[in-house]
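**Student:** only geometry, no sequence info:
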């Protein structure tokens, strides 16, 4: 394996990849990415994330379900955003990892479930970003996909996670494109700096 790039280089070079090579990803590489992913911080070290790794026919089935939902929404005159486009990516990617939040534990009162899941979703978002950076460092491309949220109940039931909360999917593979960096607003434009008052 080639030398692992510097962390700052990984952050700057990561891109959203929508075209993948027709090349399998070794299982040990996926396992290494998952091992790095679970190093992410989480609220109260709750580690709420749950992952389901899809390969081969399971990726094709997810893509079929996504395309079917996009077509159904179109037939109803409803907007499905980029769902059909994301289905094409999933169909081509050798690996797609479904990301869930575990259901709230029984000690959390029902009236606090929404607040609980809001906090847990922040933690799982951090894990997804860690996954993307790990993939980049290990030579893989990735795409963070939220269009699966059009099929929350269907996917949860299909994959045996009906009580968990679907957060996103991440497609992985060897990149077959080299996108340019998309524009970013300068940090000074999006940041307020409240300095301590002079003594």
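**Tutor:** Nice, thanks for sending it over. This is a predicted model, so every value here is computed, not measured.
**Student:** could you point out the longest strand in this protein?
**Tutor:** Taking DSSP state E as the criterion, the chain has its longest strand at strand 165-173.
**Student:** in what helix or strand does residue 18 lie?
**Tutor:** Using DSSP states H and E, residue 18 sits in no helix or strand.
**Student:** I meant residue 50, not that one.
**Tutor:** Per DSSP H and E: strand 49-55 holds residue 50.
**Student:** Show the subsequent helix or strand relative to that strand.
**Tutor:** Following strand 49-55 toward the C-terminus (DSSP H and E): helix 57-75.
**Student:** Does residue 47 lie in a helix or a strand, and which?
**Tutor:** Residue 47 is part of no helix or strand, with elements assigned from DSSP H and E.
**Student:** so what's it closest to, chain neighbours aside?
**Tutor:** Leaving aside its sequence neighbours, residue 47 sits nearest to residue 38 (CB to CB, 6 or more residues apart in numbering; 6.8 Å). Where C-beta positions appear, they are placed from N, C-alpha and C, glycine not excepted.
**Student:** The strand holding residue 50: partners in the sheet, and parallel or antiparallel?
**Tutor:** strand 95-101 (antiparallel) (DSSP bridges).
**Student:** The partner strand: how far from the chain's middle?
**Tutor:** With CA atoms, centre = their mean, to the nearest Å as the basis, strand 95-101 stands 7 Å off its chain's centre.
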